[in-house]
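Q: need the 3D shape of this:
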Amino acid sequence: MSRQSTESLAPAIPSDEALRRARDQLWLDGWTLLPGVVPAPVVDALNGEADRLLAEVRPGVERESATDGDGGVLVMNSLDARSELLFDFARTDAFLHLAEAMLGKAPMPVHSEYFGKPGAGAEPTPPHQDQVFYESHFNDEPAITFWIPLQDVLLGEGAMEYGSPCPAPGKLLPHRQSAAVEFGAQLVDATGYTFTPVPVPRGGCIVHHSYAVHRSGPMTGNRPRRVLAFNYRGSSYREYLRRGTERP
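A: Residues are numbered from 1 along each chain as shown. A predicted model of the protein is given here:
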């Protein structure tokens with residue numbers, strides 16, 4: 001796919017005021033919802049690319065994917081290396097603008113993922129903070145995730161659930177090894193958190209930061225839940241290169 005055609009599939013940019021409100025909520029509550037930010041043709045293109053990638057997954061637990069006992073895909077990692085469309089999509093001017101608005105500085109794409117719940121009975125994911133997976137790679141900048149469902153996500157359909165009170169950015173809580181096949185870590189103790197489910201209509205997107213406590217709920221319906229997640233971190237170095245200021 002050419003650069004021009006990829007840009008035509010970029011996210012829609014909300015107004016400056018809407019972005020300001022979203023950023024304020026993100027860093028206060030750990031998450032924010034951007035409704036209508038993914039136009040229908042973009043969702044269609046992402047669904048088509050997801051179909052292609054899902055068809056290549058082998059049953060079982062692999063280095064970059066995992067399926068349930070029926071072969072339903074639970075997770076795919078390293079999508080940037082396997083999809084030119086997703087690699088370019090995450091780097092469109094519009095997406096980088098959204099990431100910068102949320103981070104407050106020049107962003108750097110980290111990686112892209114797929115998270116699936118194939119149907120009724122799919123287990124919830126355990127409560128965790130994304131930063132536990134980043135800590136050994138970088139811990140000087142917070143990261144954010146754009147969680148883009150490829151269909152409506154209603155209550156009982158694996159909706160994301162966010163814990164409150166939200167830990168402050170920079171506060172990584174104790175984690176332990178998780179028994180969930182698609183997750184490597186979960187909170188040692190999540191009993192002090194109240195979880196709020198967040199339904200997302202098709203075309204919407206949740207953004208959360210890497211210290212937010214979150215999980216996904218169980219599946220009670222038969223319709224698969226399919227999500228692409230695009231991750232970014234702030235980059236002081238890119239900020240320095242762009243603005244020509246002294247390097248932090």
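
Q: run the chain-centre distance for stretch 58-74.
A: 19 Å (Cα atoms, centre = their mean, to the nearest Å).

Q: check which residues of that stretch are buried.
A: 65, 66, 67, 68, 72, 73, 74 (16 or more other Cβ atoms under 10 Å). Just so you know, the C-beta spots here come from the backbone N, C-alpha and C atoms, and that holds for glycine as well.

Q: equivalent analysis for stretch 109-117, please.
A: Buried residues in stretch 109-117, counting neighbours by 16+ other Cβ under 10 Å, are found at 109, 110, 112, 113, 114, 115, 116, 117.

Q: in strands only, show me these.
A: Secondary structure from DSSP state E places 109, 110, 112, 113, 114, 115, 116, 117 of the buried residues of stretch 109-117 in strands.

Q: what does the pLDDT read for the first one?
A: Residue 109 is assigned a predicted lDDT (pLDDT) of 95.

Q: gap between the two ends of stretch 73-92?
A: 27 Å (Cα to Cα, to the nearest Å).

Q: buried stuff in it?
A: By neighbour count on 16+ other Cβ under 10 Å, the buried set for stretch 73-92 is 73-77, 79-80, 82-83, 85-92.

Q: the residues you listed in helices, which ones?
A: Among the buried residues of stretch 73-92, the ones falling in helices (DSSP state H) are 85, 86, 87, 88, 89.

Q: can you list these in a markdown table and add pLDDT and distance to residue 131?
A: As requested, these are exported to a markdown table (pLDDT from 0 to 100; distance: Cβ to Cβ, whole Å):
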| residue | pLDDT | distance to residue 131 |
| --- | --- | --- |
| 85 | 95 | 28 |
| 86 | 96 | 23 |
| 87 | 96 | 24 |
| 88 | 94 | 27 |
| 89 | 95 | 24 |
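
Q: can you name the next helix or strand after the lengthiest helix in the chain?
A: Longest helix of the chain, by residue count under DSSP H: helix 40-55. Downstream of helix 40-55, the next assigned helix or strand under DSSP states H and E is strand 65-67.
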